[in-house]
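Visitor: Generate a structure from the sequence data that follows.
(2 chains)
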Amino acid sequence: MTETTHTAEPGIAASIAAAHKDVPGGLLPALHGIQDALGYVPPDAVPLVAEQFNLSRAEVHGVVSYYHHFRSAPAGRLLVQVCRAEACKAMGADALLAHAEQRLGCGVHGTSADGQYSLEPVFCLGLCASSPSIAINDEVHARITPALFDEIVEEARQAS
Amino acid sequence: MTTTVYVPRDSAALAVGADRVARQIAAEALARNLPVRIVRNGSRGLFWLETLVEVQTPQGRVAYGPVTRADVAGLFDAGFLGGGAHALNQGLTEEIAYLKKQERLTFARMGVTDPVSVADYEAHEGFAGLRRSLAMAPTDIVQQVLDSGLRGRGGAAFPAGIKWKTVLAAQARQKYIVCNADEGDSGTFSDRMTMEGDPLMLVEGMAIAGIATGATEGYIYVRSEYPHAIATLNEAIRNAEQAGFLGDDILGSGRSFRLIVRKAAGAYVCGEETALLESLEGRRGIVRAKPPLPALQGLFGQPTVINNVITLASVPLILARGADFYKHYGVGRSRGTLPFQLAGNIRHGGLVEKAFGLTLRELLYDFGGGSASGRPIKAVQVGGPLGAYVPESQWDLPLDYEAYAAVGAVVGHGGIVVHDDTADMSQLARYAMEFCAIESCGKCTPCRIGSTRGVEVIDKITSNQNRPQQVILLRDLCDTMLHGSLCAMGGMTPYPVLSAINHYPEDFGIEAPDRAAA
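Guide: Now for the predicted structure:
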């Protein structure tokens, strides 16, 4: 996740929105750009985006909140996604998710108290023949056992 | 002499450490002063063997797998650069039974080529279909697609040629080709493999669709859960543009076609075509009522061909070899091949491309080798999270759209998820309703409210609160969702639920005689 100075955020969000305002259907690419740059879509950015796209704040908020991918608050330094879809369930994803909650010290959709981890469910990473699978900050890992989970998380923590 | 070594760059290989294996091979080769060229190919789709490292030898490509970083030094010691014997040696790749028994038409290049190399693609029949199309009248291209019998591989199985014909006939200032790459179904990964392992095939298919219908712009809407696919597609598109297969004046033909990749944002329902269009237009992905059909009023209100990845990726071969060649494969009205995806609790999970008409039992045992856990297979969900659970009594049906529809099941996108006898079907039915409640776009009541009520009713059944009445209520609710929902999200959620209760009543605490009434 990107370290940010909060004072710069509105300016960054506004300039990204401005760069996309003439792109056909550019609202999602703009929101992706903001989240990629800041790690989330700050609520303060919503009116700025709305202004650029000539939309109401409610419309922009509606889009941000509709999609699971967009966050309105920063994630932990490591975003850990555990697949909950059927193929992974068939290979023990439910137990893996319970293990993840315990290991990371946060519930599903939560962030650990030290800001280190956020845990999110994900519905299919497309690794269904190598299940169960997880992703950590977009890096995918397959055939996960609880022991392997701990190893991978620790490695990612040290690398981040 | 430099030896070529192939190490896949497919996500399923990366997820088990392919990058580390590639780095270790490079390091060992350097240390031993052996000249090696590493090509990052796509995956062959034999996922239990990933990371599957292949070595080019005079006899052909020799496979080693599953290779981990720790195995690499030993492979060098065993002389793997010359195809040497080793415990991980799988023999010639093409001779591996799992691969050899397949009918790879669309996936012929998968794992063979460097996914982003235009030269490699062309050396393996790539762009032959586009070159042929450029010399044909648009109506003739559309006729080829119609004659091939190709039906949409996304799930609905609507004839692709009819969509194309409608768009071709429509008069408009601008038309679009939209690729639905929002592959969100559990158990499916053939779209991801295509985008990561042979993206130029999709590029070519979309360019042909553009030339056939008069569309000069295309969008590929890819799920955000597939970052590797997005990166590979963008790389492939740049290379195709530089080589003159995309952009203005394709190969000097005077035809133009531009391609844009759009990242989705994690809403399952955006795999439904009208919700996808809303999302591409920058709104919440809420389903549109049809009519108007997207073919007439689609993206930005203009005529739009919207097909899924495998549908569009099937087109280059049809144009290169002709409709008759393709039509020759398959059974009944299900023509050609489907890349079946074996997933979940299966020993040999992976991609199996075969003509329609083989059976689930063949896939599960001849290819899959039975369950991964070694326990009996209990239920198999075919066609994604909205597909039915197919019990053993139906495993000998031919996989064809009509035969499956006749028993209340769907072939869908070819996803096959295996569960062993530890699966609790009442909990999987509950999960289907819960998934629908989370992912419903909310526009229609049967889906939005029905799914939430469905979870509650199943909970009452499993905890035996007025069980007989609740079972009747659940069936009634499913009937409402089936017939009253605006799209397949609510309309198909009853498939896994009803199949679970019909075929596995004991998991719901219901007496077996109910099976007869099902």
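Visitor: show me where chain A has strands.
Guide: A:78-83, A:117-122, A:134-136, A:139-141 (DSSP state E).
Visitor: Mind giving me the packing neighbours of the second one?
Guide: Based on contacts counted as 3 or more C-beta pairs under 8 Å, 6 or more residues apart in numbering or on different chains; DSSP states H and E, the elements that strand A:117-122 packs against are strand A:78-83, helix A:93-104. Yep, even glycine has a C-beta here, placed from its N, CA and C like the rest.
Visitor: quick one: that strand to strand A:78-83, angle?
Guide: 30 degrees (axes from the mean of the first three to the mean of the last three C-alpha atoms, to 10 degrees).
Visitor: Could you check the angle strand A:117-122 makes with helix A:93-104?
Guide: 170 degrees.
Visitor: Just put the helices and strands packed on strand A:117-122 in TSV and tack on distance to B:Trp395.
Guide: Formatted as TSV, the helices and strands packed on strand A:117-122 follow (distance: least, C-beta to C-beta, whole Å):
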stretch	distance to B:Trp395
strand A:78-83	26
helix A:93-104	25
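Visitor: so which of those is the most packed in?
Guide: strand A:78-83 (a mean of 23; mean count of other C-beta atoms under 10 Å in any protein chain shown).
Visitor: contact partners of that strand?
Guide: A:1, A:93, A:96-97, A:100, A:104, A:116-125, A:127, A:131-137, A:153, A:156-157, A:160 (C-beta atoms under 8 Å, 6 or more residues apart in numbering or on different chains).
Visitor: Contacts only, for residue 100.
Guide: Just so you know, I chose chain A. A:80, A:82, A:119, A:134, A:149.
Visitor: Sorry, I should have been clearer: chain B.
Guide: B:Glu94.
Visitor: so is B:Ala289 in a helix, a strand, or just coil?
Guide: coil (DSSP: H, G, I helix; E, B strand; the rest coil).
Visitor: how close does the residue lying closest to A:His61 once chain neighbours are set aside get to A:Pro10?
Guide: In this structure, A:His61 finds its nearest non-sequential neighbour in A:Val46, 5.5 Å apart by C-beta to C-beta, 6 or more residues apart in numbering or on different chains. According to C-beta to C-beta, to the nearest Å, A:Val46 and A:Pro10 sit 11 Å apart.
Visitor: any idea which element B:Val62 lies in?
Guide: strand B:60-64 (DSSP states H and E).
Visitor: surely B:Glu353 meets B:Tyr98?
Guide: No - with contacts counted by C-beta atoms under 8 Å, B:Glu353 stays clear of B:Tyr98, the gap being 11.3 Å.
Visitor: how about low-confidence regions in the stretch 401-518 of chain B?
Guide: B:512-518 (pLDDT under 70).
Visitor: Flag the shaky bits of the chain, pLDDT-wise.
Guide: In the absence of a named chain, this looks at chain A. A:1-7.
Visitor: my question was about chain B
Guide: In chain B, residues with pLDDT under 70: B:512-518.
Visitor: any idea which residue sits dead centre in it?
Guide: Nearest residue to the geometric centre of chain B (C-alpha atoms, centre = their mean): B:Ser190, 3.1 Å.
Visitor: what's the closest non-adjacent residue to that one?
Guide: Nearest one to B:Ser190, counting by C-beta to C-beta, 6+ apart, is B:Pro339 at 4.1 Å.
Visitor: Tell me which residue in the stretch 51-200 of chain B sits closest to chain A.
Guide: Proximity of the stretch 51-200 of chain B to chain A (C-beta to the nearest C-beta) peaks at B:Ser186, 3.3 Å away.
Visitor: Find the nearest non-adjacent residue to that residue, please.
Guide: A:Ala85 (3.3 Å).
Visitor: B:Gly91 in helix, strand or coil?
Guide: strand.
Visitor: One more: B:Asn180?
Guide: strand.
Visitor: which ones are touching it?
Guide: B:154, B:221, B:271, B:273, B:276, B:306-309.
Visitor: Make TSV out of the residues you listed and add secondary structure.
Guide: Conversion of these to TSV gives the following (three-state DSSP):
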residue	secondary structure
B:Gly154	coil
B:Tyr221	strand
B:Gly271	helix
B:Glu273	helix
B:Leu276	helix
B:Ile306	strand
B:Asn307	strand
B:Asn308	strand
B:Val309	helix
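Visitor: If you rank these by neighbours, which is first?
Guide: The most crowded member of the contacts of B:Asn180, judged by other C-beta atoms under 10 Å in any protein chain shown, is B:Val309 (30 neighbours).
Visitor: Now do the contacts for that residue.
Guide: B:153, B:179-181, B:183, B:190-191, B:194-195, B:202.
Visitor: what about A:Val46 and A:Pro10, which has more around it?
Guide: The residue with more neighbours, out of A:Val46 and A:Pro10, is A:Val46; 22 against 14, by other C-beta under 10 Å.
Visitor: Helices along chain A, start to end?
Guide: A:9-20, A:27-38, A:45-53, A:57-66, A:86-89, A:93-104, A:146-159 (DSSP state H).
Visitor: could the contacts of B:Val309 go into a markdown table alongside distance to A:Ile34?
Guide: Compiled in a markdown table, the contacts of B:Val309 are given as follows (distance: C-beta to C-beta, whole Å):
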| residue | distance to A:Ile34 |
| --- | --- |
| B:Arg153 | 35 |
| B:Cys179 | 25 |
| B:Asn180 | 25 |
| B:Ala181 | 23 |
| B:Glu183 | 26 |
| B:Ser190 | 32 |
| B:Asp191 | 27 |
| B:Thr194 | 30 |
| B:Met195 | 25 |
| B:Leu202 | 29 |
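Visitor: So which of the residues you listed sit within strands?
Guide: B:179-181.
Visitor: Quick check: which of the strands of chain A is nearest to B:Gly414?
Guide: Closest of the strands of chain A to B:Gly414 is strand A:78-83, at 19.4 Å (criterion: C-beta to C-beta).
Visitor: Between helix A:146-159 and that closest one, find me the angle.
Guide: Using the same axes, to 10 degrees: strand A:78-83 against helix A:146-159 is 150 degrees.
Visitor: Quick check: B:Asp147 touching B:Lys327?
Guide: Yes - with contact defined as C-beta under 8 Å, B:Asp147 reaches B:Lys327; the gap is 6.8 Å.
Visitor: just to revisit the earlier point, mind checking which of the contacts of strand A:78-83 are buried?
Guide: Among these, those buried by neighbour count (16 or more other C-beta atoms under 10 Å in any protein chain shown) are A:1, A:93, A:96-97, A:100, A:104, A:116-125, A:127, A:131-136, A:153, A:156.
Visitor: Quickly list what B:Phe340 is bridged to.
Guide: For B:Phe340, the beta-bridge assignment (DSSP bridges) gives partners B:Val352.
Visitor: and B:Gly161, what does it touch?
Guide: Contacts of B:Gly161 (C-beta under 8 Å, 6+ apart): B:142-143, B:145-148, B:150.
Visitor: now for the residues you listed, which pair is the farthest apart?
Guide: Farthest apart among the contacts of B:Gly161 - using C-beta to C-beta - are B:Gln143 and B:Leu150, which lie 12.1 Å from each other.
Visitor: And these two? Which one has more around it.
Guide: Higher neighbour count among B:Gln143 and B:Leu150: B:Leu150, with 25 against 17, using other C-beta under 10 Å.
Visitor: Which single residue in the stretch 301-450 of chain B comes nearest to chain A?
Guide: For the stretch 301-450 of chain B, C-beta to the nearest C-beta, closest residue to chain A: B:Gly349, 2.9 Å.
Visitor: hang on, isn't that residue packed against B:Gly368?
Guide: Yes - counting by C-beta under 8 Å, B:Gly368 is a contact partner of B:Gly349 at 7.1 Å.
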